[in-house]
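Chemist: Give me a 3D structure for the following:
(one chain, ligands or ions: 1)
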Amino acid sequence: MKTVLITGAAGDVGTHLRRELAGRYHIIASDLRALKEKFKGQSFKRADLSSMRDALRITKGVDAVVHLGGYSVEGPWEGILSANIVGCYNVFEAARRNGVKRILFPTSNHAVGFYAREQTIDHRVYPRPDSRYGVSKVFGEALGSLYADKYGMQVFCLRIGNVAPAPVDKRRLSIWLSPRDLAQLVTIGIEHPDIRFEIVYGVSNNTRGWYDNSNAFRLGYEPRDDSEAFARDVLAREKPGDPTAELYQGGAFVVAEKIPNPAPLPRKSRSKRRR
Ligand code: 15L
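Modeler: Okay, here's the model as predicted:
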């Protein structure tokens, strides 16, 4: 049985994943916080990933790492820097030094949150992060690419939408990922023999999805769930949101802290700088 380290194991996604994978792998669950839910056969190692020493200690002797640790929403720069930039670097570097070949990096829809909802995007689009959090996820994807190209590591980036037992609002109808579909994608990331560097979308088979997830399908993903089963109830509860947030895939992350440019560009250069 393979030994899989899950960082950030106490969080919501980590807990869903540990529940789904219980008994299928020997799981080492790691977090700064204690685990609220425990599952049979899983051990716990407390670690602060901003410390290389801790990262080296927990990545020793494992077959694969699922690096969920860090901020999972927008946060102050100091927190994002230490948990998501330094922490992510430490995990990749510690894994490399300990000879761990395979890393799964659960990135986020917020790495591409500034794409319009009307656009269907695939794994090849350039990043358009919608927040400091989104930038930190782009950093992790870039680091994964570097470690794959330079050190031959096998890196599987999962751009997760929203993991929950059921979609909670209209936006999540498009990006929902059920816990069992999450587990299927993670299993592909751990087991597929031909992973070098891959980006796939972590979403179920949602009728209202925004993604062309052909890369995941190519690797054998067969999602079992579709958020449409919940659509009637979700839409009946939906309250009107910010009209700008409604245009973009990242939703509220796009408009959080948005302020007008304090030093607007001179008229001539405006059109050139527009994308
Ligand atoms: C994410 O990346 C977050 O980790 C999660 O908490 C949700 O905010 C999710 O995106 C989302 O976009 O719904």
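
Chemist: Quick one: name the residues of the stretch 51-200 of the chain near the ligand.
Modeler: With C-beta under 6 Å from any ligand atom as the criterion, the stretch 51-200 of the chain meets the ligand at residues 72-73, 108-110, 162, 172. In short, each C-beta sits where N, CA and C put it, glycine included.

Chemist: nearest residue to residue 62 other than its sequence neighbours?
Modeler: What sits nearest to residue 62 in space, not counting adjacent residues and going by C-beta to C-beta, 6 or more residues apart in numbering, is residue 5, at 4.4 Å.

Chemist: low-scoring stretches of this protein, by residue?
Modeler: 259-275 (pLDDT under 70).

Chemist: one more time with 50, if that's ok
Modeler: Within the chain, the segments meeting pLDDT under 50 span 273-275.

Chemist: Can you classify the residue nearest to residue 62 as helix, strand or coil?
Modeler: Using DSSP: H, G, I helix; E, B strand; the rest coil, the three-state assignment for residue 5 comes out as strand.

Chemist: For beta bridges, what are the partners of it?
Modeler: residue 28, residue 65 (DSSP bridges).

Chemist: residues near it, how many?
Modeler: Counted by other C-beta atoms under 10 Å, the residues lying close to residue 5 total 27.

Chemist: Spit out the contact partners of residue 171.
Modeler: residue 251 (C-beta atoms under 8 Å, 6 or more residues apart in numbering).

Chemist: Report the separation between it and residue 246.
Modeler: Using C-beta to C-beta, to the nearest Å, residue 171 is found at 8 Å from residue 246.

Chemist: what are the ranges of the strands in the stretch 51-200 of the chain?
Modeler: Assigned by DSSP state E, counting those that start in this stretch, the stretch 51-200 of the chain shows strands spanning 64-67, 102-108, 154-160, 162-163, 176-177, 197-202.

Chemist: Any idea which of those strands gets closest to residue 90?
Modeler: strand 64-67 (9.9 Å; C-beta to C-beta).

Chemist: That closest one packs against which elements?
Modeler: Strand 64-67 is packed against strand 3-7, helix 87-97, strand 102-108, helix 179-191, with contacts defined by 3 or more C-beta pairs under 8 Å, 6 or more residues apart in numbering; DSSP states H and E.

Chemist: cutoff 7 Å now
Modeler: If contacts are counted by 3 or more C-beta pairs under 7 Å, 6 or more residues apart in numbering; DSSP states H and E, strand 64-67 sits against strand 3-7, helix 87-97, strand 102-108.

Chemist: Adding distance to residue 146, write these out as a markdown table.
Modeler: Formatted as a markdown table, the helices and strands packed on strand 64-67 follow (distance: least, C-beta to C-beta, whole Å):
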| stretch | distance to residue 146 |
| --- | --- |
| strand 3-7 | 19 |
| helix 87-97 | 8 |
| strand 102-108 | 12 |
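
Chemist: could you list every residue that touches the nearest residue to residue 98 once chain neighbours are set aside?
Modeler: If the residues on either side of it in the chain are set aside, residue 98 comes closest to residue 59, at 4.8 Å by C-beta to C-beta, 6+ apart. Residue 59 makes contact with 5, 65, 91, 94-95, 98, 100 under the criterion C-beta atoms under 7 Å, 6 or more residues apart in numbering.
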